[in-house]
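Asker: could you work out the structure for the sequence below:
(one chain, ligands or ions: 1)
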Amino acid sequence: MSVQSRIGTFGPGQGPAAKRPPERFDDDELEHHIAPNCIYDFDVDQVNGIHKLRQRIHETVFADDPAEKWSWILGDHFTMGNKKVAKEVAIYNFGGAAHDCLNLGTEHCQVDAANCYAVRTEDNYPHPLDARRRELIIWDHLDPQTFADAFRHWHGRKRNEVTALRLNESGDFRHRHDLFKVDQVARLLDDIVDVYTYSSSDWLPWHKIDHIVVNRSNQRKDFGARRFEVVDDVSDIPDGGIRCPHDVSDGEIKCGSCRLCLEEDAGDVYVKNFYADEE
Ligand code: SF4
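Answerer: Purely as a prediction, here's the structure:
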């Protein structure tokens, strides 16, 4: 799908650029008005939990405090850490699923599609693919102010500490809307969390954004805070390059306690290809 037609995802339905006043729909009409199948590359109607999500999005339109309502939806889609990321870090995949990533299998991605960790996760576990597709749909229904306000509501309710927001363990920035929206979200949340991400969408105007720490996942252009490079062998790491402490510590050190990818001024980071030793 072209960039132009993807921008069209902001048009139909009840997203931030809805072209009509809010309208109440019957339950069986929601699929035509909220995330209609025609505007995504994947089969929206097959996404697990999509009907419930459409109902919940519909309710936000008429809520007294839409951001508060959204905070519960977002809260059900943040993941607190994973095998590599500390539990104080909230993960949100506005870029959607790895299977739908616009850079998958292209010259922009630094690993072959077969070696994409995020794709394999979606192949090997039942939950992530659908959850990530829902995260993309949610993102497309939110303007940056509402996302940030909803995050703040959710953050205020959390008993456990949330120190950072990692955007995208799968998917990538699709267009300038994503780029500027993310930057606004990061600016609005500046006082409560560090916002960081990884990207190989090198064609975007990264020099125009200020508030998010970006780890550059390819070498096609110079953008972001640093190069984050996957190497097949540690001997490929250049002098002065930092090997990811998670790798070195055999998984003991996690992102969040290690802050190399979260800081503007740390050096380039190298990580060993997870699948390099496979036949
Ligand atoms: S360098 Fe640190 S923050 Fe970056 S991926 Fe490795 S452990 Fe995580």
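Asker: got the phi and psi for Val89?
Answerer: phi -100, psi 120 (degrees, to the nearest 10).
Asker: so what pairs up with it in the strands?
Answerer: Ala164 (DSSP bridges).
Asker: shouldn't it be in contact with Cys255?
Answerer: Yes. Between Val89 and Cys255 there is a contact at 6.3 Å, judged by C-beta atoms under 8 Å. Heads up, the C-betas are built off the backbone N, CA and C, glycines and all.
Asker: okay, and the common contacts of those two?
Answerer: Arg166 (C-beta atoms under 8 Å, 6 or more residues apart in numbering).
Asker: contacting residues around Leu262?
Answerer: By C-beta under 8 Å, 6+ apart, the residues touching Leu262 are Ala164, Asp194, Tyr196, Val213, Cys255, Gly256.
Asker: now the strands for the chain?
Answerer: With DSSP state E as the criterion, the chain has strands at 79-80, 89-92, 164-167, 194-199, 213-216, 226-231, 242-243, 269-272.
Asker: any weak-confidence spans in the protein?
Answerer: 1-16, 276, 278-279 (pLDDT under 70).
Asker: up against the ligand, what does it have?
Answerer: Cys244, Pro245, His246, Ile253, Cys255, Cys258, Leu260, Cys261, Val269 (C-beta under 6 Å from any ligand atom).
Asker: Throw the residues you listed into JSON lines and include distance to Asp26, thanks.
Answerer: Below are the residues of the chain next to the ligand laid out as JSON lines (distance: C-beta to C-beta, whole Å):
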{"residue": "Cys244", "distance to Asp26": "51"}
{"residue": "Pro245", "distance to Asp26": "54"}
{"residue": "His246", "distance to Asp26": "49"}
{"residue": "Ile253", "distance to Asp26": "52"}
{"residue": "Cys255", "distance to Asp26": "45"}
{"residue": "Cys258", "distance to Asp26": "50"}
{"residue": "Leu260", "distance to Asp26": "51"}
{"residue": "Cys261", "distance to Asp26": "46"}
{"residue": "Val269", "distance to Asp26": "51"}
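Asker: among these, which ones are buried?
Answerer: For the residues of the chain next to the ligand, a burial check counting by 16 or more other C-beta atoms under 10 Å picks out Cys244, Pro245, His246, Ile253, Cys255, Cys258, Leu260, Cys261, Val269.
Asker: select from those residues every entry located in helices.
Answerer: Judged by DSSP state H, these include Pro245, His246 as members of helices.
Asker: name the nearest of the contacts of Leu262 relative to Phe274.
Answerer: Cys255 (15.0 Å; C-beta to C-beta).
Asker: contacts only, for that closest one.
Answerer: Lys84, Val85, Ala86, Val89, Arg166, His246, Cys261, Leu262.
Asker: distance to Ala150 added to the strands of the chain, as JSON lines?
Answerer: Converted to JSON lines, the strands of the chain look like this (distance: least, C-beta to C-beta, whole Å):
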{"stretch": "strand 79-80", "distance to Ala150": "16"}
{"stretch": "strand 89-92", "distance to Ala150": "11"}
{"stretch": "strand 164-167", "distance to Ala150": "12"}
{"stretch": "strand 194-199", "distance to Ala150": "15"}
{"stretch": "strand 213-216", "distance to Ala150": "22"}
{"stretch": "strand 226-231", "distance to Ala150": "29"}
{"stretch": "strand 242-243", "distance to Ala150": "35"}
{"stretch": "strand 269-272", "distance to Ala150": "31"}
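Asker: neighbour-wise, which of the contacts of Leu262 leads?
Answerer: Compared across the contacts of Leu262, Tyr196 has the highest neighbour count, 25 neighbours, by other C-beta atoms under 10 Å.
Asker: any idea how far the closest residue to that one other than its chain neighbours lies from Asp190?
Answerer: Closest residue to Tyr196 apart from its sequence neighbours, by C-beta to C-beta, 6 or more residues apart in numbering: Val213 at 4.1 Å. Look at Val213 and Asp190: by C-beta to C-beta, to the nearest Å, they are 12 Å apart.
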